[in-house]
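> Need a 3D model of the sequence below.
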Amino acid sequence: MVTDIISQDLTGSLLIAMPGMGDARFENAVVYICAHSEEGAMGLIVNRQADTLMFSDLLDQLDIAPGPGSKDVAIYVGGPVETGRGFVLHSPDYISEGSTMQVDARFAMTGTRDILRDIAGGGGPTDKLLCLGYAGWGPGQLEDEISQNGWLTAAASTELVFAKADAVKWEAALLSIGVPPAMLSGEAGHA
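From the prediction side, this is the model:
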């Protein structure tokens with residue numbers, strides 16, 4: 001029931017896209033929910049790397065000098081909203097005063113240039129995902145999509161978000177809630 005979902009705070013949880021949800025931007029997506037309230041929700045897709053943008057390109061665009069930490073840092077497509085804006089989902093061992101949002105005991109998010117400078121210089125958080133754009137929902141929109149079988153929800157783990165290969169995150173998220181991917185159908189039904 002939608003009212004049950006509304007009363008459940010999904011902050012710090014994962015959304016797992018159902019097959020056939022009808023939005024190609026979220027096909028097989030796993031979304032980490034950074035904030036959820038009556039005013040809406042905000043999350044970051046954690047299993048879709050950008051094909052063409054490299055960290056060094058991003059540093060060039062932002063006029064940040066690359067350092068030892070600038071190699072091998074993947075850029076993710078965080079979602080379809082504000083795709084020119086960056087967010088870093090990361091472990092809580094990094095805090096930027098006034099700009100880091102502590103999501104829960106295991107995850108934090110920072111959306112300012114200082115974290116990029118620190119990463120480029122070889123510092124910053126131990127675990128991190130750099131995302132361009134985000135997934136956003138207005139009041140009641142996410143709850144409606146869940147009630148229409150567009151998403152499943154799961155507990156987030158640092159291993160799934162930061163350590164699993166992107167190609168297996170969707171399946172791993174499903175298996176974490178006991179759902180074999182082969183058992184899912186893109187068709188919704190009602191008895």
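> any idea of the mean pLDDT for the lengthiest helix in the chain?
In the chain, assigned by DSSP state H, the helix with the most residues is helix 166-176. Mean pLDDT, helix 166-176: 96.
> what do you get for stretch 19-31?
So the average pLDDT for stretch 19-31 ends up being 90.
> Counting neighbours, show which residues of it come out buried.
Neighbour-count burial for stretch 19-31 flags 21, 26, 28-31 (criterion: 16 or more other CB atoms under 10 Å). Where C-beta positions appear, they are placed from N, C-alpha and C, glycine not excepted.
> State the pair within those residues that is farthest apart.
The distance between the two most remote of the buried residues of stretch 19-31 (CB to CB) is 12.9 Å, for Met21 and Val30.
> Pro180 contacts Ala172, doesn't it?
No - checked against CB atoms under 8 Å, the pair Pro180 and Ala172 is beyond contact range at 11.9 Å.
> When those two are compared, which one has more neighbours?
Between Pro180 and Ala172, Ala172 has the larger neighbour count (other CB atoms under 10 Å), namely 19 against 9.
> how close does the residue sitting nearest the centre point of the chain sit to Gly124?
Of all residues in the chain, the one closest to the mean position by CA atoms, centre = their mean is Leu44, 2.5 Å from it. Distance, Leu44 to Gly124, by CB to CB, to the nearest Å: 17 Å.
> sorry, back to before: out of the buried residues of stretch 19-31, who's nearest Phe87?
Val31 (12.5 Å).
> Mind jotting down where the helices sit in this structure?
Along the chain, the stretches classed as helices by DSSP H are 2-7, 55-61, 113-120, 141-147, 158, 166-176.
> any chance of these in TSV, with distance to Val103 too?
Formatted as TSV, the helices of the chain follow (distance: least, CB to CB, whole Å):
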stretch	distance to Val103
helix 2-7	19
helix 55-61	23
helix 113-120	15
helix 141-147	16
helix 158	12
helix 166-176	17
